[in-house]
Structure formats: structure tokens, C-alpha cells
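Peer 1: Pasted the sequence and its predicted model underneath.
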Amino acid sequence: MTAIEFENISKQYRLGLVSTRTLSHDLNRWWKMNILGKEDPYLKIGEVNDRAHKGTSDYVWALKDINFNVQQGDVLGIIGKNGAGKSTLLKILSKVTTPTTGTIRAKGRIASLLEVGTGFHPEMTGRENIYMNGAIMGMTKAEINRKLDEIIDFAGVERYIDTPVKRYSSGMTVRLGFSIAAHLEPEILVVDEVLAVGDAEFQKKAIGKMQDVSKGDGRTVLFVSHNMGAVRNLCNKTIVLADGSVAFEGATEAGISFYLNNKLTSYDVISKEDFVLKSRVKGYALDVQFLSVGFADNEDNFYTNDEIVMLCTFKGNRKTENIRINGTIFNNEEQPVGGWFGSDVFDISPDEEKTIRIHLRNHKLTIGSYLISLSVGKGNFAEGMVDYDVVHQVTKFNIVGFDSKELIGYSVWNSRWGNVLFDVNYCVI
């Protein structure tokens, strides 16, 4: 049985403004739609929502012609890079905003957890907010009373349940919000990326609860996340959004592969010309700044145990001594798998450009694609560290196979078992 039907859903925004916000546009829209009986004239204009490039139109389509159905009991993963339209789609489903065109048909009550604090009154206590949310969902006080202890226990906020939620941390707020949404027996549970605010223990607990809700109670779950591991474990179906449109719909494993293999992730490799604009984490004192990052001889395909050689070019904005380069390696699901803390140091003068060669040796990364984040700074763990510049997941490399006799027996290694091989010695005692 179909639980949710999305039919020709589109959402248009005018950049920087609410509505058209000009008298001529509003009059034109009113005249065409209400007097002449024609469609909204502004539906014919606008561009896809590409945040990285300046467009020629003030109108953008956050969503464009979305059509798909969700069956009762499905756990649907919704994935895509930032700005793809995931949150907008859920806000329309949750009636936070309305679509520009199209209709959504949903059977049953919808409980949504879209943003930290959504649906909470900051001056009311946690307990009062539970009753308020339950009433909004159409539940009686007796029904909420039966679930109250279970909600509080799952959220783990019993000590603060009679404290105004404005005094809660973001983690406490998410815990309580999810617990309310999951326990008040909605037919449809909608969860955006807010679970990432919770700690690892709570994320695991929340995913288990969503599995229980779908499998045990036959309820429908829509789950947005950048954590491909969580999507793989939880969802039986997945859609991939790209530039506001459905790029893929089908089985979860195939959807994740499509998403990763078609460069739809947020870490697409950037050109040297765009380096400074797109990759830098803001808020650092740029005494030293990255100008470019790449690989020696432009080689980004390696075997396990190969030496990986990177080239980093910096510019000094003031005289700086004892600079270190630190790095973190991520797998293609954006999970960290390792890194290094630079032992060598160098100095740089104002307006000087310097290129550093970094050699990564003796790694045992398994077959797959990886990304590197880098920081340049000074100090150490004992004395404290200062970062002058940080670039996040700025370049990509691939491990394409094994090139070691000792590892030949692992040639069918599946990266889902892990990203690092270990040397092991056995001793019989």
C-alpha cells in the first residue's frame, strides 16, 4: 500500500527575497493567474540550484518535477550533496513550506525531526513540550501519558525534563525531539540530518529505534543522511537527489554506488583555480595559506604499500617558523580512516611561496577511493596547536589493487570489511 505519493513536486525561490517582493511582479502574477486564468508566469523561468556558480536568473529551482512513491513499511534513504534539495523535500512533506507546483498525498500522521529544536517552545519544559507535540499530532492526554516514561527514558534527559528546553544542549534537544517523534506512534517518521548532532551511542540507539518502527510496527520512515554506513544499515530503498531532481531511485546498495561513482558527493575534486574559493574552512588566521594541493606527476592511482607523494604549495603572509603539515584521510563515505601529525617543520617569509613534498609510506589501505584534508600550523599535542589554514577533503586518490606478495591472498578484499589491513604475527603458547 502506498504511504506517500510525490506528484510533480517543484519548489522555486527568488534569491534574497520572500515572494517576488516587487509590485510589478506581484501584479503580473495576480493578473495572469486570477484574471486570465493562466499559470504562474514565473514557473517558466529560473535555474537549477547550483550554489557554487553565479547564475543569470534571480529565480532558482530547489526542487524540479519530483515524482516517486513510498510504500507502507519502507525505510527510504534520501541522499545527495549539500544543496541537492533533500531538506526542502522533507519540509514540504512536513508542511513547513508549500510546493510551488505539485501535490503530496500522505496517509497517516507525520512526525518530523528536521532541525535542532524544531517544534519546541524554548520557554516550556521538556515535559510540557512532550504534551504540546503530542497534542499537535492529534494524540489525547491519556495516550501521551502512556508513552511519557518511555519517551523520557529513551531520551536520557530525566534530570532535566522539568527544565525549560532553552537550557538544553543541542545534543539533549535532539535526543528529546527524536524520542518524541519516534514514540508518539506516527504512521510516517521523517528524520533529517540532525541525528549527526547526537553522540555515537545515541545515533546507534536511534537507528535501532527506526528499524523497530519500520519492521515491527510497519510504519514508514524517510531518512536523510550523509552517513552512507547508516543509510546502508537502515534503508531498504534509496533515492539520490542532484540539483533538485531525482537522479536515482531503487535499491540502497545500488543508490549508494550511483551517488559515489557519479561524483555527486560534496567532495568533488576541485581545480587549482578554484582551490582557495571552494575548499577552505573559514575562521583561521592565514599567516600561512595553501595555494594548491596535488600529487607528484599527477599520479592519483596507487597500489597498497605504494608510496603516495603529495605536493603542497603555500604562501606566507608574515614570517612564520616551525610550521607543520598535518593530514586526515577519509574513505568515500566521508569517514576518517587515518592520518598523520607532521614531524618535519619549515619556515616561510612574507610573500614567499614554497612547495613541500609529502611522502606517505607503509600504508596498507585497501582498494577504494580516498580523500585528504590538510592543515598547516605549528605546535604539538603537549604544548597546544594553532592552525593557520585548513582545507577540507581537497583532493582524491585511489587504491586500485594489491602489489605485494604477502597480500596476494587478499586480492578479493571487500572495502566494506574495513579500509586498513594490519600486519599480524601469531605466537602459539
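Peer 2: Arrived safely. Residues are numbered from 1 along each chain as shown.
Peer 1: Just the buried residues of the top strand by length along the chain, please?
Peer 2: Counting by DSSP state E, the longest strand found in the chain is strand 384-402. Residues of strand 384-402 classed as buried under the neighbour-count rule (16 or more other C-beta atoms under 10 Å) are 387-397, 399, 402. Bear in mind the C-beta positions are built from the backbone N, C-alpha and C, glycine included.
Peer 1: could I get stretch 158-175 in PDB with only the CA atoms?
Peer 2: Output of stretch 158-175 as PDB, limited to C-alpha atoms (Å, rounded to 0.1, in the frame of the first residue of the first chain):
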ATOM      1  CA  GLU A 158      15.200  12.700  33.100                       C
ATOM      2  CA  ARG A 159      17.100  15.000  35.300                       C
ATOM      3  CA  TYR A 160      16.300  18.000  33.100                       C
ATOM      4  CA  ILE A 161      12.800  17.100  32.000                       C
ATOM      5  CA  ASP A 162      11.200  19.900  34.100                       C
ATOM      6  CA  THR A 163      13.800  22.500  32.900                       C
ATOM      7  CA  PRO A 164      13.000  24.900  30.000                       C
ATOM      8  CA  VAL A 165      14.400  23.500  26.800                       C
ATOM      9  CA  LYS A 166      16.200  26.700  26.100                       C
ATOM     10  CA  ARG A 167      18.800  25.500  28.700                       C
ATOM     11  CA  TYR A 168      19.300  22.200  26.800                       C
ATOM     12  CA  SER A 169      22.400  21.500  24.800                       C
ATOM     13  CA  SER A 170      21.900  20.700  21.100                       C
ATOM     14  CA  GLY A 171      22.500  17.100  21.800                       C
ATOM     15  CA  MET A 172      19.900  17.000  24.600                       C
ATOM     16  CA  THR A 173      17.400  18.700  22.300                       C
ATOM     17  CA  VAL A 174      17.900  16.200  19.500                       C
ATOM     18  CA  ARG A 175      17.600  13.300  21.900                       C
END
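Peer 1: Buried residues, that stretch. List them.
Peer 2: Buried residues in stretch 158-175 (16+ other C-beta under 10 Å): 160, 161, 164, 165, 168, 172, 173, 174, 175.
Peer 1: so what's the last one up against?
Peer 2: The one in question is residue 175. Residues near residue 175 by C-beta atoms under 8 Å, 6 or more residues apart in numbering: 154, 155, 156, 157, 198, 202.
Peer 1: ok, now with 6 Å
Peer 2: 155, 156, 202 (C-beta atoms under 6 Å, 6 or more residues apart in numbering).
Peer 1: likewise the fourth one?
Peer 2: Contacts were defined as C-beta under 6 Å, 6+ apart; by that measure residue 165 touches 120, 122, 126, 129.
Peer 1: Go ahead and confirm the third one touches residue 161.
Peer 2: Yes - under the contact definition of C-beta atoms under 6 Å, residue 126 touches residue 161, with a separation of 4.4 Å.
Peer 1: Residues contacting stretch 289-303, please?
Peer 2: 272, 275, 308-313, 315, 389, 391, 394-395, 397-401, 403.
Peer 1: go with 7 Å
Peer 2: Identification of contacts with stretch 289-303 by C-beta atoms under 7 Å, 6 or more residues apart in numbering yields 272, 275, 308-315, 317, 353, 357, 374, 376, 389, 391, 394-403.
Peer 1: show me where the stretch 251-400 of the chain has strands.
Peer 2: Secondary structure of the stretch 251-400 of the chain by DSSP state E, counting those that start in this stretch: the strands cover 288-295, 301-304, 308-316, 320-331, 336-340, 346-348, 353-360, 368-380, 384-402.
Peer 1: one step back: in the contacts of residue 175, which residue is surrounded by the most others?
Peer 2: residue 155 (24 neighbours; other C-beta atoms under 10 Å).
Peer 1: Look up how far residue 161 lies from that one.
Peer 2: 8 Å (C-beta to C-beta, to the nearest Å).
Peer 1: do the same with residue 396
Peer 2: 46 Å.
Peer 1: same deal with residue 286?
Peer 2: 46 Å.
Peer 1: which residues of the stretch 1-150 of the chain fall in strands?
Peer 2: 2-14, 47-48, 59-71, 75-79, 101-106, 110-113.
Peer 1: In CSV: the ones you listed, plus distance to residue 295, mean neighbour count and mean pLDDT.
Peer 2: Shown next, in CSV, are the strands of the stretch 1-150 of the chain (distance: least, C-beta to C-beta, whole Å; neighbours: other C-beta atoms under 10 Å; pLDDT from 0 to 100):
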stretch, distance to residue 295, mean neighbour count, mean pLDDT
strand 2-14, 39, 19, 88
strand 47-48, 32, 14, 43
strand 59-71, 36, 19, 88
strand 75-79, 28, 26, 92
strand 101-106, 46, 15, 90
strand 110-113, 41, 23, 84
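Peer 1: As a markdown table, these with distance to residue 420 would be great.
Peer 2: Below are these laid out as a markdown table (distance: least, C-beta to C-beta, whole Å):
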| stretch | distance to residue 420 |
| --- | --- |
| strand 2-14 | 40 |
| strand 47-48 | 39 |
| strand 59-71 | 37 |
| strand 75-79 | 25 |
| strand 101-106 | 44 |
| strand 110-113 | 34 |
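Peer 1: then stretch 249-259 to CSV, C-alphas only?
Peer 2: Extracted C-alpha coordinates of stretch 249-259, given in CSV (Å, rounded to 0.1, in the frame of the first residue of the first chain):
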residue,chain,number,x,y,z
GLU,A,249,15.6,5.6,-7.4
GLY,A,250,16.0,1.9,-6.3
ALA,A,251,17.8,-0.4,-4.0
THR,A,252,20.0,1.1,-1.4
GLU,A,253,23.3,-0.5,-2.3
ALA,A,254,22.8,0.5,-6.0
GLY,A,255,21.9,4.0,-4.9
ILE,A,256,25.0,4.5,-2.8
SER,A,257,27.2,3.2,-5.6
PHE,A,258,25.5,5.6,-8.0
TYR,A,259,25.9,8.5,-5.6
